[in-house]
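*Asks:* sequence-free structure coming up:
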């Protein structure tokens, strides 16, 4: 058996595990395992939108035209939502359209509750809005606070603006609205800069002034693909199988995932590749200097914003048709307390950029780039990148656009530092919006 045949066989086995894992991701059993556990706690996405609506009403007043527009926003917010999420829009509706509108909505929900737990929650809200904010007992008030800012909004309804509790709730909404306005201005400025940078990139590329700094030594070869197969199978499939087989040992899945990451990163070295060549192949080098690569990553991310905007619009259209929005487990987890916020911040802004860039844009893109053009390599890498994320198929266009942009940055700079910086910027921006909902 010659070396060329062995290399093709190893590649075929690697693709078998990669494709098998992708198929496994689509099975109903896996999809069920990724569904968040139902919880009556705060919904951060809803909370952020609610703060914006209430804060805008404070900022612009309560004229009939604005009230009608805000009412439409609340009604749109209720569409295609679960009964519990529709229930959580009631305090927002009460602020915009009044107590009677809230009661009408609560009676509608009470006529067809999905289960006994939701029925009890609807009854509590009905009591609150029928009998006033003083009617709940201490235990009920503590339960309402599980809803976060929305629960506090409900408990402070009809209180005078001078009341400390009411003032705190409205001030939180007002501050969030101002910050969201500033964020929106920043996003618009970044988008404008992105269109300019994208146009400049296209012109420079067409004239041959923008060259790739990607360097691919002869070795390592197929071991790069093997490394990615180990990562994908071990990080995604094995923890789920472990949870099914050993439900009492929850830490086993995390340990298997961590072991898979370490093994995947070190695999080309285990396979005999020279350390210097391996670092070059996956982009683990300083490039033109760390600060310069970080800056290039930021510029590259901004230049990719128009592509992400188009993908985001497509996701919104799909979401309207499908009746749900793509979500990430982080959205609910960070609302559980400061420790969870710290953990998820580290995972999103440090762990994910380091590991995912090394494995997706390092090993997988590095392997594919030897055989097919960079754009095709980037598309294939981006699709796999999107599929393995927990947002579901609705989020695939946006995640794929982000992944393709990161591949383009890797092709341009060669060093993985640039795409890591762009990845961290993307995740950090999303995390910042979620933190706004918590305050």
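*Replies:* Great, that's in hand. Predicted, not measured: the structure shown is a model, and the values here were computed from it.
*Asks:* rest of the way, CA atoms for contacts and neighbours
*Replies:* Will do.
*Asks:* Test my guess that residue 396 contacts residue 386.
*Replies:* Yes. Between residue 396 and residue 386 there is a contact under Cα atoms under 8 Å: 5.1 Å.
*Asks:* and residue 318, how many neighbours?
*Replies:* By the criterion of other Cα atoms under 10 Å, residue 318 has 18 neighbours.
*Asks:* Start at 26, not 1
*Replies:* I'll keep to 26 as the first residue from here, and by that count the last item is residue 343.
*Asks:* residues contacting it?
*Replies:* Counting by Cα atoms under 8 Å, 6 or more residues apart in numbering, residue 343 touches residue 419.
*Asks:* can you list the residues that contact stretch 280-290?
*Replies:* 251-256, 259-261, 263-264, 380, 383-384.
*Asks:* ok, the residues you listed vs residue 417, which is closest?
*Replies:* Comparing these against residue 417 with Cα to Cα places residue 261 closest, at 14.2 Å.
*Asks:* Below-threshold pLDDT in the protein: ranges please.
*Replies:* The model of the chain has pLDDT under 70 over residues 26, 53-67, 86-93, 96, 98-106, 348, 360, 462, 464.
*Asks:* top helix in it by residue count?
*Replies:* With secondary structure taken from DSSP state H, the chain has its longest helix at helix 189-231.
*Asks:* what about the helix or strand that that one is followed by, distance to the chain center?
*Replies:* Remark: after helix 189-231, the chain's next helix or strand is helix 247-257, criterion DSSP states H and E. Distance of helix 247-257 from its chain centroid, counting by Cα atoms, centre = their mean, to the nearest Å, is 25 Å.
*Asks:* Same question for stretch 121-130.
*Replies:* Offset of stretch 121-130 from its chain centre (Cα atoms, centre = their mean): 33 Å.
*Asks:* cool, stretch 113-120 as well?
*Replies:* 26 Å.
*Asks:* now swap in stretch 334-345 and tell me
*Replies:* On Cα atoms, centre = their mean, the centre of stretch 334-345 falls 15 Å from that of its chain.
*Asks:* What ranges does the stretch 226-375 of the chain have for its helices?
*Replies:* Assigned by DSSP state H, counting those that start in this stretch, the stretch 226-375 of the chain shows helices spanning 247-257, 263-270, 275-295, 300-307, 315-328, 330-347, 355-358, 363-371.
*Asks:* Mind putting the ones you listed into CSV with distance to residue 209?
*Replies:* Converted to CSV, the helices of the stretch 226-375 of the chain look like this (distance: least, Cα to Cα, whole Å):
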stretch, distance to residue 209
helix 247-257, 36
helix 263-270, 39
helix 275-295, 37
helix 300-307, 36
helix 315-328, 15
helix 330-347, 13
helix 355-358, 20
helix 363-371, 22
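*Asks:* looking at the ones you listed, which is closest to residue 223?
*Replies:* Taking Cα to Cα, helix 315-328 is the member of the helices of the stretch 226-375 of the chain nearest to residue 223, at 4.9 Å.
*Asks:* for the helices of the stretch 226-375 of the chain, which one sits closest to residue 162?
*Replies:* Residue 162 lies closest to helix 355-358 among those, at 27.2 Å (Cα to Cα).
*Asks:* I'd like the distance between residue 149 and residue 137.
*Replies:* According to Cα to Cα, to the nearest Å, residue 149 stands 15 Å off from residue 137.
*Asks:* Same question for residue 430.
*Replies:* Separation of residue 430 from residue 137 (Cα to Cα) stands at 46 Å.
*Asks:* And the residue minimising distance to the centre of the chain, how far from residue 420?
*Replies:* Nearest residue to the geometric centre of the chain (Cα atoms, centre = their mean): residue 353, 5.2 Å. Separation of residue 353 from residue 420 (Cα to Cα): 10 Å.
*Asks:* what do you get for residue 72?
*Replies:* From residue 72 to residue 420 the distance is 21 Å (Cα to Cα).
*Asks:* Please apply the same query to residue 296.
*Replies:* Applying Cα to Cα to residue 296 and residue 420 gives a distance of 36 Å.
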